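> I'll drop the sequence and a predicted model, then ask my questions.
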Amino acid sequence: MKDRLKQFVDEASRIVGFTGAGISTECGIPDFRSPGGIWSKYKPIDFQTFMSTPEMRREALSRYLKIREHVGNVSPGRGHRALAEMARGGRLTHVVTQNIDGLHQASGIDDDRIVELHGNGTYAKCLECDARHELDWIALELDRIPGAPSCLECGGIVKTATISFGQAMPQDQMIRAQAATLDCDLFLAIGTSLVVQPAAEFPLIAKQNGARLVIINREETPLDSFADLVIYQDIGDVLEIFLP
């Protein structure tokens, strides 16, 4: 299996890595959706509820900071570092990720190669003017004021830079992801259940456009029958063959 994967990578010139929660579990970040996961304790607040009152915005931000504290400081795992190595070699054109942990950036992949479909949870931003605000500042503001913090630039609503349930998908990121998918000759789906739409459409788009499709996941996915290669193994154990 690994030899065939290496052959596919060696023969490819334009690789897209499509990553989900499974690539980050070895880093200490749990799969939030699993039974007993963080979301069972800190239920996410949907976008409409977040926008409804300052009190709900405060609650949502407080919950997110508790999750950050629970997860703690994390570093890129073997899967992240393997993709970064492919990027340095020039073959990996993009990483399209469903994750919000910022570990692909931390692994050394340039921002212009990373497409974040669900946003980024390592900072916050204003919903009005897009000004960036750090999470440490939000924590200080929640201690200082009774309601929710407002943007330092325009006074708008500040939210973590993630895409919440009920919030529109970022169209610019979806367009970039589709363009990268249509341009690749090898699509690596890594650590994702391939059930969350519309992101799960990208592997099929790549396959239908002539690219090879590889799925690396601990469990079966609905798209396994379409893949050229499926590997049911630990992601780090599989991808470490690409590390120096």
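Happy to help now that I have it. Numbering: from 1, shown residues only.
> so what's residue 85 up against?
242-244 (Cβ atoms under 8 Å, 6 or more residues apart in numbering). C-beta coordinates here come from the backbone N, C-alpha and C atoms, glycine included.
> Enumerate the positions of the helix or strand hosting it that are buried.
In this assignment (DSSP states H and E), residue 85 forms part of helix 78-88. By neighbour count with 16 or more other Cβ atoms under 10 Å, helix 78-88 contains the buried residues 78-87.
> next one: stretch 17-28
Of the residues in stretch 17-28, 17-27 count as buried by neighbour count, 16+ other Cβ under 10 Å.
> Could you identify the longest helix within this protein?
Longest helix in the chain, counting residues (DSSP state H): helix 54-71.
> so what secondary structure elements neighbour that one?
Applying 3 or more Cβ pairs under 8 Å, 6 or more residues apart in numbering; DSSP states H and E, one finds that helix 54-71 makes contact with helix 38-41, helix 47-52, strand 119-126, helix 135-144, strand 158-162.
> and the angle from that helix to helix 135-144?
Calculated by axes from the mean of the first three to the mean of the last three Cα atoms, to 10 degrees, helix 54-71 forms an angle of 130 degrees with helix 135-144.
> gap between helix 54-71 and the chain center?
19 Å (Cα atoms, centre = their mean, to the nearest Å).
> hmm, who's touching it?
28-30, 38, 42-45, 49-51, 121, 124, 135, 138-139, 142, 147-149, 157-160.
> Pull out the buried members of those residues.
Using 16+ other Cβ under 10 Å, the buried ones in these are 29-30, 38, 42, 44-45, 49-51, 121, 124, 135, 138-139, 142, 148-149, 157-160.
> List the contacts of the residue nearest the centre of the chain.
Nearest to the geometric centre of the chain sits residue 99, at 1.7 Å (Cα atoms, centre = their mean). Contacts for residue 99 (Cβ under 8 Å, 6+ apart) come out as 19-21, 23-24, 116, 118.
> same question, residue 184
The contact partners of residue 184, taken as Cβ under 8 Å, 6+ apart, are 12, 14-16, 93-94, 206, 211.
> What about those residues, which are in helices?
For the contacts of residue 184, the ones inside helices are residue 206, with DSSP H as the criterion.
> Break the chain into its domains for me.
Domain ranges of the chain: 1-28+75-118+169-244, 30-73+123-162, per automatic domain parsing.
> got any ranges where the protein has weak pLDDT?
Within the chain, the stretches with pLDDT under 70 are 31-42, 72.
> Go again with 50.
Nowhere does the chain drop to pLDDT under 50.
> check contacts around the nearest residue to residue 22 once chain neighbours are set aside.
The spatial neighbour of residue 22 that comes closest, neighbours along the chain excluded (Cβ to Cβ, 6 or more residues apart in numbering), is residue 191 at 2.4 Å. Going by Cβ under 8 Å, 6+ apart, residue 191 touches 19-25, 79, 216-218, 235.
> Would you mind stating the distance between residue 191 and residue 175?
Here the distance between residue 191 and residue 175 works out to 24 Å (Cβ to Cβ, to the nearest Å).
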